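Trainee: okay, predicted coordinates and the sequence, questions at the end:
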There are 4 protein chains.
Amino acid sequence: MTMNATPPITTGTIHHLVPFARHLGVTFSTIDPDRVVAHLSSESGDFATIGGGVHGGALMALADIAAAVVAVLASGDPTAAPATMQSSTNFLRPVVGAATAEARITRAGRSTVVDVELTDPAGELCALVRQIVTVRPTAQQ
Amino acid sequence: MTMNATPPITTGTIHHLVPFARHLGVTFSTIDPDRVVAHLSSESGDFATIGGGVHGGALMALADIAAAVVAVLASGDPTAAPATMQSSTNFLRPVVGAATAEARITRAGRSTVVDVELTDPAGELCALVRQIVTVRPTAQQ
Amino acid sequence: MTMNATPPITTGTIHHLVPFARHLGVTFSTIDPDRVVAHLSSESGDFATIGGGVHGGALMALADIAAAVVAVLASGDPTAAPATMQSSTNFLRPVVGAATAEARITRAGRSTVVDVELTDPAGELCALVRQIVTVRPTAQQ
Amino acid sequence: MTMNATPPITTGTIHHLVPFARHLGVTFSTIDPDRVVAHLSSESGDFATIGGGVHGGALMALADIAAAVVAVLASGDPTAAPATMQSSTNFLRPVVGAATAEARITRAGRSTVVDVELTDPAGELCALVRQIVTVRPTAQQ
């Protein structure tokens, strides 16, 4: 793996490749091969559901985006294409305000297992997501 | 249950109550107590992921929105507030073009089980979602 | 598919191939390519948990056994070997007495989606299981 | 919480309370409030499936047993009754030989989230299980 030979992955790169991440305005504070931290702003109110918390669908989308990035980086091929095969979420409490998703590799491999913790602005754990992501070289698609 | 005493639930009602559904432009062609069909337009390209299909996060959000509506209607109290407790998705193939989510009640009760089929414009099954949704009277929240 | 050329699959065949099914004494009342119904006796009390109901682990095992059989039959190759990749269970109420698992194909394919309903002697739905099963020709293993 | 006032939980205690654990011959090498390690012997061959590995149903049962014990201990009331609400398993590779399940509390609370790792005799990770377990005082049942 020669990460030095490829430009680093940034929020801009991800927005370019994944229009839905750009559409949601997802930003990233950590983009490492074993840990990706992604954020959803709460300013617009666009992500709200009944009651004012962040919609569960927005949270699952945020988690899926973070999980895909960490799975690609963990594969060692930053140009590879991720595909989520399975996603399972347990919602524990509402997120009120900006949501943060921290994705970590639980098990690398052909089917990568990624665990994501969703937290609220106080750092409280609000949801747990487990995803199975396959990562394939772009040329093979 | 006096469904006649309350105005019918429409796409407009849902957009008013659930800003994220409005933000995604989700529309509904069927809103019944045992079946809700929701749609995500493909015109803008905003929901795309790498490769051009609809982002898995957008699909899970669409399914979650449809599941919540059918769970509320099945509860007999159209003013009740839904909360998704658990969501599990199996992705079978990419959705290219407009996505449709058909949500049905698998088992009503305090914890309602809702199954959602996500299909592409050709009607091909692309993902299966199972959600556990609790529905509480608004006053109790 | 030449089902006529191979002997039918029976409880005895399954017990021979799957020692754990024999160990649990699982029996089958329906063994069809789209539907398998399996039973767990309640006579011995060996499957009980705290409170006297059937242990969740025994229920998941029963469901897994039924799901594997229907996935193999649906593949058209009754000598193929099934492998469960993912299993998700929602427990709705305890099973008191003999448990029944009814497994049906939700989507055939390389990764077959099987849904299983677990019921109690009164026919009440007690748990829902969704499994992803891959089926491979025995020679390829 | 007066753990000193109650006798320690042992393999014998669990076999007494949970007949299915006794039936499977599950043993425990660690029984702590944040971590329980349970074992399934491979000597009898009773737990085998096609191909000779341990049946997925036996693995899920082992994980469920370990998860319930750790959830009860984490609740601080060793006489409380656990009920698994949801169980999700990803199978990564077959277990050949004796299986070990290590259950840890991921999030304590009314609905406790327990993560279980299933490993083979070489310590290889073979399956991941996430369970949602509710724990209620026995008197309330």
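Mentor: Nice, thanks for sending it over.
Trainee: find the residue closest to A:L40 in space, skipping its chain neighbours.
Mentor: A:A99 (4.4 Å; Cβ to Cβ, 6 or more residues apart in numbering or on different chains). All C-beta atoms are positioned from the backbone trio N, CA, C, and that covers glycine.
Trainee: I meant A:G97, not that one.
Mentor: Excluding the flanking residues, the one nearest A:G97 by Cβ to Cβ, 6+ apart is A:P121, at 4.2 Å.
Trainee: dump the residue contacts of that neighbour.
Mentor: Neighbouring residues of A:P121 by Cβ atoms under 8 Å, 6 or more residues apart in numbering or on different chains: A:42, A:96-98, A:100.
Trainee: with A:S44 instead?
Mentor: The contact partners of A:S44, taken as Cβ under 8 Å, 6+ apart, are A:G25.
Trainee: so the helix ranked longest in chain A, near chain D or not?
Mentor: Across chain A, the longest stretch assigned as helix under DSSP state H is helix A:56-75. No - counting by Cβ under 8 Å from any Cβ of the partner chain, chain D has no neighbours in helix A:56-75; the shortest distance is 13.8 Å.
Trainee: measure the most far-flung residue of chain A relative to its centre to B:A80 for me?
Mentor: The C-alpha centroid of chain A is most remote from A:G51, which lies 24.7 Å away (Cα atoms, centre = their mean). Counting by Cβ to Cβ, to the nearest Å, the gap from A:G51 to B:A80 is 12 Å.
Trainee: so what's the residue count around A:T138?
Mentor: A:T138 has 11 neighbours, counted by other Cβ atoms under 10 Å in any protein chain shown.
Trainee: quick one, what contacts it?
Mentor: Contacts for A:T138 were tallied using Cβ under 8 Å, 6+ apart; they are A:79-81.
Trainee: which of these fall in strands?
Mentor: A:A81 (DSSP state E).
Trainee: please pick the buried ones from the contacts of A:T138.
Mentor: A:80-81 (16 or more other Cβ atoms under 10 Å in any protein chain shown).
Trainee: could you pick out which of the contacts of A:T138 are near chain B?
Mentor: Contacts with chain B within the contacts of A:T138, as defined by Cβ under 8 Å from any Cβ: A:A81.
Trainee: how about the helices in chain A?
Mentor: A:11-17, A:19-24, A:56-75.
Trainee: my read: A:I9 touches A:V69, true?
Mentor: Yes - the criterion here is Cβ atoms under 8 Å, and A:I9 meets it with A:V69 at 7.0 Å.
Trainee: joint contacts of the two?
Mentor: Counting by Cβ under 8 Å, 6+ apart, the common neighbours of A:I9 and A:V69 are A:I31.
Trainee: give me the more crowded residue out of these two.
Mentor: Set A:I9 next to A:V69 and count neighbours by other Cβ under 10 Å: A:V69 wins out with 28 against 20.
Trainee: pretty sure the more buried one contacts A:F28?
Mentor: Yes - contact criterion Cβ under 8 Å: A:V69 and A:F28 qualify, at 7.4 Å.
Trainee: the spatially closest residue to A:S29 that is not a sequence neighbour: what's it in contact with?
Mentor: Excluding the flanking residues, the one nearest A:S29 by Cβ to Cβ, 6+ apart is A:V37, at 4.9 Å. For A:V37, the contacting residues are A:28-30, A:66, A:100-103, by Cβ under 8 Å, 6+ apart.
Trainee: apply 6 Å and report the result again.
Mentor: A:29-30, A:102 (Cβ atoms under 6 Å, 6 or more residues apart in numbering or on different chains).
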